[in-house]
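[1] what's the 3D shape of this:
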Amino acid sequence: MSGCCATLQYGQAQGINHAVRESTAEIIVSVDSDVIVYPTALRELVARFVSPEIAAVGGRVMSRTPTRTG
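    As a prediction, this is how the structure comes out:
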């Protein structure tokens, strides 16, 4: 991994961590910029929080970026 990519990823992680620490929201959703979020996705994810023991949920992620081979 080049220094450029490592720096960008570290910066993104720092930004997400800072936002989570500062948030007062009950639920936080985070996706990469190349993720397609369907109109019903958030409603379906939130519906899975049916008890206090559930701390996180996830879904199927589809990227707009084509997969590279080779």
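[2] give me the residues contacting stretch 12-22.
    Defining contact as CB atoms under 8 Å, 6 or more residues apart in numbering, one finds that stretch 12-22 is touched by I28, S30. No exception for glycine: its C-beta is placed from N, CA and C like everyone else's.
[3] please state the offset of that stretch from the chain centre?
    From the chain centre to the centre of stretch 12-22 is a distance of 12 Å (CA atoms, centre = their mean, to the nearest Å).
[4] with stretch 45-59 instead?
    Centroid separation for stretch 45-59 versus its chain: 15 Å, with CA atoms, centre = their mean.
[5] what are the buried residues along that stretch?
    Neighbour counts using 16 or more other CB atoms under 10 Å place L45 of stretch 45-59 among the buried residues.
[6] end to end, how far does it reach?
    The stretch stretch 45-59 measures 7 Å between its terminal residues, going by CA to CA, to the nearest Å.
[7] was I right about E44 contacting V57?
    No: E44 lies out of contact with V57 (CB atoms under 8 Å); the separation is 9.0 Å.
[8] name the helix or strand for R21, please.
    When elements are assigned from DSSP states H and E, R21 belongs to helix 3-22.
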